[in-house]
Structure formats: C-alpha cells, structure tokens
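In: here is the input, now give the coordinates:
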Amino acid sequence: MTVQVAPSLLSADLLHLDRDIESIRGCDWLHIDVMDGDFVPNITYGPGLVRALSKVGIPQDVHLMISQPARHVDAFLDAGAAIVTVHVEADVHLHRTLSHIRKRGAKAGVSLNPSTPVSALEHVWDVLDLVLIMTVNPGFGGQAFIPGGLAKIAQCREILDRLGRDDVLLEVDGGVDLNTAPRVVAAGANLLVSGSALFSAPDRAAFIRQLQAL
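Out: I've put the predicted structure just below:
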C-alpha cells in the first residue's frame, strides 16, 4: 500500500506561504482545513485561498469543517479543489452531497469525528472516494493523538477490503508525527495529514519522504 502525505496548511506561516509550500514539494496533496466558527470553534479559510493555491501545481484536499457544507461545496469545486470532504455530523443529506461532488469530477470524502462510529457510513460506501478519520477533536492544530482512532481505522480498512474498494483513500488527521504514523499505517491508513509535526521538522522534505516510505 502506497502511503500519501498531505501537509496541513493550518500549521504553515501565512506571511510566508509561498516559501512554506516550496519547502514541502514532494507531498501528494495540500490539506486545506476550512472552519466556520460554528461547526468548530475556529475560523480559517475560504474558496479564495483554494483558488490562489490552484496555481502551485499540488492538488488540494479540502476538508470542510463547517455547518451545512452542501451550501458551499460548489464554491470550493469552482475554486479548484480536487477532493472535498464533508463531515457526516454536519450534513443531513450526505448521499446527495457526495454524489454531487463526484458528478462535478472531484473526489468525495466523508470525515468522522472521534466520537462518531464507522457505522455512520453504512449507506454511503458506494458514493465516497475518501474516508477521513479524525484522531483529534477538530478545530485547532497541535493537539495530541487520540489512540482510540486506531480501531476505527482498522474497522474502515476491513470494510473497504470486504467491499473491494481499494480505490478509496483512508485518511487520518490529528497528531500524526513520526511516532504515531507507523501505528496509523499499520491499522490501514494510506493518506496521512500532518501539520505541526511536519512544519516544525528541520527538513520538511525528508519528513514527508519518511512518511511516504512507511
């Protein structure tokens, strides 16, 4: 299983974003955490940043930590998002939203908060391209990894294997560093989001290569 890496720009220096992006060349995706101050207690970026970043040549993995995400999906797709992930807890018409994202030509993702069971995905496995397991409570970077997420990762991997969905990305976000990443990959993840650990590394490119080599 090839491990992909998506640096979280939540931990980048926005005053020197061009420099920070150059330092992570070799990554597979840019992870963009969109927060609205309602679904999570923080406010971050909008479609404008996604549109600007579409010029750097790295596909964007856009994680909508927002209420009523279906209202904003098209704005991020129009801005150039390659993946749009919504939270199962925030979308009452999840199947419709995922189907729409796919119809627009992007990958459709679903995220699960630490307290949300994998069973919440029971009726959407056929219309998703990515599952994002949160191993911290969303809203802020730099939090400690919640070990209980490992069982959820393994459960998702078992279901995906049983369904023959080896095309689905199993992503993990929260507290991913060189200590937790091997456990996450062993549980079945193949896309790792890393923020504070990656951007604080002395050699960010080497850090990315170490994760990709797991």
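
In: how far off centre is the helix or strand containing V131?
Out: In the assignment (DSSP states H and E), V131 maps to strand 130-134. Its chain's C-alpha centre and that of strand 130-134 lie 7 Å apart, by CA atoms, centre = their mean, to the nearest Å.

In: need the contact partners of the very next helix or strand once past it.
Out: Per DSSP H and E, the first helix or strand lying C-terminal to strand 130-134 is helix 149-163. By CB atoms under 8 Å, 6 or more residues apart in numbering, the residues outside helix 149-163 that reach it are 112, 114, 117-118, 121, 125, 131, 133-135, 166, 168, 170, 172, 174, 183-184, 187-189. Where you see a C-beta, it was placed from the backbone N, CA and C, and this is true even at glycine.

In: re earlier: buried sites along the strand holding V131?
Out: L130, V131, L132, I133, M134 (16 or more other CB atoms under 10 Å).

In: just send those residues back as TSV, with distance to K103 and pLDDT too.
Out: What follows is the buried residues of strand 130-134, written out as TSV (distance: CB to CB, whole Å; pLDDT from 0 to 100):
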residue	distance to K103	pLDDT
L130	16	98
V131	19	98
L132	20	98
I133	25	98
M134	26	96
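
In: all the strands of this protein, in order from the start?
Out: 4-7, 30-35, 60-65, 83-87, 107-112, 130-134, 169-173, 191-194 (DSSP state E).

In: looking at those, which is nearest to I146?
Out: strand 130-134 (8.2 Å; CB to CB).
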